[in-house]
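In: give me coordinates for this.
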Amino acid sequence: GGPEKYNGRTMKEVHKDMNITEKEWDAMVADFKKTLDKFKVPEKEQEELFTIIGSTKPDIVLSSTTSNQ
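Out: Purely as a prediction, here's the structure:
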């Protein structure tokens, strides 16, 4: 990316009422992997992308502790 800075809502704010489960997250990751493979994205770049999206998981997936509150 370039010098632009994102000024929108956070991942946590955007996803807080979506109640995304671990199972739904895993399905998204599997679909993303299939898409990357389809377009022959090299493994090194795939690893980088999965590291990036993995870092957002705590703000997106409903944890079992928050679902009981």
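
In: Thr21: neighbour count?
Out: Close neighbours of Thr21, defined as other CB atoms under 10 Å, add up to 14. Yep, even glycine has a C-beta here, placed from its N, CA and C like the rest.

In: cool, and Asn7?
Out: When neighbours are defined as other CB under 10 Å, Asn7 has 5 of them.

In: let's verify it: helix, strand, or coil?
Out: coil (DSSP: H, G, I helix; E, B strand; the rest coil).

In: per-residue pLDDT, it?
Out: For Asn7, the pLDDT comes out at 92.

In: ok, now how distant is it from Phe39?
Out: 30 Å (CB to CB, to the nearest Å).

In: over to Lys5?
Out: Applying CB to CB to Lys5 and Phe39 gives a distance of 28 Å.

In: with Glu48 instead?
Out: Going from Glu48 to Phe39 by CB to CB gives 15 Å.
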